[in-house]
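# mind looking at a prediction? Sequence and model below.
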Amino acid sequence: RQTISQPFHTLFESYNVNVNIFIPPDFAGQTDTVTQRYRIPCHQRRYQWSKNQEKMFIHSLLNNYPIHSIICISRVDATTQTPFVYYDIEDGQSRLTCCWKFVNNLFTIKMETGDEVKYSDLTIPMKQRLSNYTLTFEVISFIGVTTRNEELQICSDIFTRINNGKPLSCNDMY
């Protein structure tokens with residue numbers, strides 16, 4: 001297990017548009033997912049946050065409140081001519097998707113003035129505060145003789161423990 005810190009701007013800001021660091025599954029095209037560095041595995045439930053949850057989360061980042069680590073599994077994509085490492089998001093897809101949606105102006109937050117603003121409307125100091133926010137990733141790598149089935153069982157066990165022993169329902173997985 002390894003801990004990695006990533007500033008917000010390296011994942012979400014506009015100069016990374018052609019890098020495909022992370023794009024939520026509901027917004028990705030077929031070719032986008034091939035080169036993404038962070039991916040949502042197919043066994044994860046779809047994004048379900050309410051508008052209020054989104055707004056509170058972005059306010060947490062702007063206020064520099066701590067948030068939980070994002071847990072990923074390190075993978076190697078050998079389907080391309082040049083194999084590369086990518087990360088399956090096992091816990092944190094809602095946080096990442098919320099950030100992506102905000103930076104892409106897909107929802108607003110309420111300011112102290114009462115105004116509802118999109119990311120593009122934020123003041124430069126507020127954008128800088130968000131840009132410099134550090135996200136922590138816990139990266140799990142499988143080394144040695146672990147089979148794919150053993151990896152899947154370990155991932156399932158980790159996710160179940162993170163969610164207080166409450167496994168996803170069939171509806172959540174759908």
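Sure thing, it's come through.
# number of nearby residues for L135?
Neighbour count of L135, defined by other C-beta atoms under 10 Å: 20. (Glycine included, C-beta is placed from N, CA and C.)
# spatially nearest residue to it, not counting backbone neighbours?
Spatially, and ignoring its direct neighbours in sequence, L135 is nearest to Q6 (5.1 Å; C-beta to C-beta, 6 or more residues apart in numbering).
# next one: that neighbour from I21, what distance?
Using C-beta to C-beta, to the nearest Å, Q6 is found at 9 Å from I21.
# ranges for the strands of the protein?
Remark: strands assigned in the chain by DSSP state E are 2-7, 38-39, 70-77, 84-91, 109-110, 116-117, 134-140.
# make JSON lines out of the ones you listed and add mean pLDDT and distance to Q48.
What follows is these, written out as JSON lines (pLDDT from 0 to 100; distance: least, C-beta to C-beta, whole Å):
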{"stretch": "strand 2-7", "mean pLDDT": "88", "distance to Q48": "24"}
{"stretch": "strand 38-39", "mean pLDDT": "84", "distance to Q48": "18"}
{"stretch": "strand 70-77", "mean pLDDT": "87", "distance to Q48": "17"}
{"stretch": "strand 84-91", "mean pLDDT": "86", "distance to Q48": "14"}
{"stretch": "strand 109-110", "mean pLDDT": "95", "distance to Q48": "19"}
{"stretch": "strand 116-117", "mean pLDDT": "95", "distance to Q48": "22"}
{"stretch": "strand 134-140", "mean pLDDT": "92", "distance to Q48": "20"}
